[in-house]
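Engineer: Model the following, please.
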Amino acid sequence: MKALIACECSGTVRDAFAARDGWEAWSCDLLPSEKPGNHYEGDVMDLLADDMDWDIMIAHPVCRFLCSSGLHWNIRRPGRAEKTEKALTFVRMLMDAPIQHIAIENPVGCIGTRIRPADQYIQPHEFGHDASKRTGLWLKGLPKLVPTGPQIQPRMVHGRPRWGNQTDSGQNRLGPSANRWMERARTYRGIAQAMAAQWGAFIEREKA
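Structural biologist: Here you go, the predicted model:
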């Protein structure tokens, strides 16, 4: 069975699928892979032909021009709104790929208002991580992920929950840097393992 992990250079989800017996997993990104493994450095559209025979694609399109936290710049910076439209077109192309099982992962943003609502929202603290990052999953032919825990409880600051990746005011702890966007976009290992375990097993049962 073959898994394509689109828009991933970390190899986190790819390696989770590759660890399952009977799976060949590939990541794909314009950037090189950060660690050894099957990786296509280039445009994911090169890999979405009808004859590629992928069993599942999990895609993590860059959220910079899609997430709610950045959309306010669309009316402040010339050309920014056009980049959002281009990003939405890319998401639609991923959703329409000729693959039976697809998951698109992205933070809360305009995919849900401009294309369709997410099928599910998940949090890393539901999968064993001391972190908060509400993330949507747009699913085709796949069941919703079931939290695997342990559920990490937050600290309370003035009556509001805060997890380890947050300041007391609720902002992300990562300071400004050239690769901040990349660090924030990484899939948490617990979520990657849940994707491989649950969706991998689902497809294996289907093909048995």
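
Engineer: pLDDT-wise, which helix or strand of this protein ranks last?
Structural biologist: Sorted by mean pLDDT, DSSP states H and E, the helices and strands of the chain end with helix 180-185, the least confident at a mean of 57.

Engineer: helices or strands up against the helix or strand just after that one?
Structural biologist: Next helix or strand after helix 180-185 toward the C-terminus (DSSP states H and E): helix 189-194. Counting contacts by 3 or more Cβ pairs under 8 Å, 6 or more residues apart in numbering; DSSP states H and E, helix 189-194 packs against helix 12-18. In short, each C-beta sits where N, CA and C put it, glycine included.

Engineer: Which elements pack onto the helix it packs on?
Structural biologist: Packing partners of helix 12-18 (3+ Cβ pairs under 8 Å, 6+ apart): strand 2-6, strand 24-29, helix 189-194.

Engineer: Would you tell me which of these gets closest to F90?
Structural biologist: Closest to F90 of the helices and strands packed on helix 12-18 is strand 2-6 (Cβ to Cβ; 10.1 Å).

Engineer: Partner strands of the closest one, with direction?
Structural biologist: Strand 2-6 pairs in its sheet with strand 24-29 (parallel), strand 56-59 (parallel), by DSSP bridges.

Engineer: Return the most buried member of those.
Structural biologist: Highest mean neighbour count of the strands paired with strand 2-6: strand 56-59, a mean of 26 (counted as mean count of other Cβ atoms under 10 Å).

Engineer: and it, what's its mean pLDDT?
Structural biologist: Averaging pLDDT along strand 56-59 gives 98.

Engineer: what does stretch 19-31 give?
Structural biologist: Rounded mean pLDDT across stretch 19-31 is 97.

Engineer: any idea how far it is from the chain center?
Structural biologist: From the chain centre to the centre of stretch 19-31 is a distance of 14 Å (Cα atoms, centre = their mean, to the nearest Å).
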